[in-house]
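K.L.:
okay, structure incoming, though there's no sequence with it:
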């Protein structure tokens, strides 16, 4: 299957009235959202808004209590999905072995597998650590390794849940650059973050979630200059260290 065919069969992703109420507690209260196959979509929202649960549903790790996800009209995606968490799970083995973990189901030849791993480690700046134990890596290096492992399977959709939350600015910059390169390589990126500066730097569009609902989905330039929803305006005014004012929206 060619890359263009994969692009057409996986997107758009349509989330229709997704609801999730574990133990009677509403986490997702009816998510309606359409994601196309291009760029970096950043999901923003306050703590408890449902961002991570939504990401896990896209990854197939959680099932909604109601509603569904359609992948260009299909019940399941026809291309690879990878997910990277805030705290990546690494094996107690070498950096190279960890990078190869997701490749095992692909049944590559040993030579092809080794070449893919070497390429990915080089692209994330860890080629010189290939034979080291993953336990010896810094936090930023561990996250770069997790990205290399995900990138190695050539995902069409890459989900990133707070990938830089525990990193310093230098490590964060390195991760952001890798994310941009993965997007350029053909993957659609969906990412959560609490860092509004990061969202401004890296996003093409913003999905703003509050109380388990999508309150706004718009191009990043529009969202940060003139958010349409009162919830988004209040969120940004509370999160940024400087005072923001916005012109009245059409609904005010």
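P.N.:
The structure has been received and is ready for your questions. Keep in mind the model is a prediction, meaning the values are calculated, not measured.

K.L.:
quick check: closest non-adjacent residue to residue 150.
P.N.:
Closest residue to residue 150 apart from its sequence neighbours, by CB to CB, 6 or more residues apart in numbering: residue 82 at 3.7 Å. Where you see a C-beta, it was placed from the backbone N, CA and C, and this is true even at glycine.

K.L.:
against which helices or strands is the strand or helix carrying that neighbour packed?
P.N.:
Here residue 82, judged by DSSP states H and E, is contained in strand 81-84. Secondary-structure packing of strand 81-84 (3 or more CB pairs under 8 Å, 6 or more residues apart in numbering; DSSP states H and E): helix 139-152, strand 157-161.

K.L.:
just the mean pLDDT for that strand, thanks.
P.N.:
Confidence for strand 81-84, expressed as mean pLDDT, is 96.

K.L.:
name the residues that touch that strand?
P.N.:
Strand 81-84 is contacted from outside by 55, 58-61, 102, 143, 146-147, 149-151, 153, 155-161, 163, using CB atoms under 8 Å, 6 or more residues apart in numbering.

K.L.:
which residues of this structure score low on pLDDT?
P.N.:
Scanning the chain for pLDDT under 70 picks out 1-8, 239-252.

K.L.:
where along the stretch 151-252 of the chain do the helices fall?
P.N.:
Secondary structure of the stretch 151-252 of the chain (DSSP state H, counting those that start in this stretch): helices located at 169-184, 196-202, 220-225, 230-239.

K.L.:
possible to save those as a markdown table with distance to residue 77?
P.N.:
What follows is the helices of the stretch 151-252 of the chain, written out as a markdown table (distance: least, CB to CB, whole Å):
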| stretch | distance to residue 77 |
| --- | --- |
| helix 169-184 | 17 |
| helix 196-202 | 23 |
| helix 220-225 | 25 |
| helix 230-239 | 29 |
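
K.L.:
redo those as TSV? Include distance to residue 210 and mean neighbour count.
P.N.:
Shown next, in TSV, are the helices of the stretch 151-252 of the chain (distance: least, CB to CB, whole Å; neighbours: other CB atoms under 10 Å):
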stretch	distance to residue 210	mean neighbour count
helix 169-184	25	16
helix 196-202	15	18
helix 220-225	13	16
helix 230-239	4	16
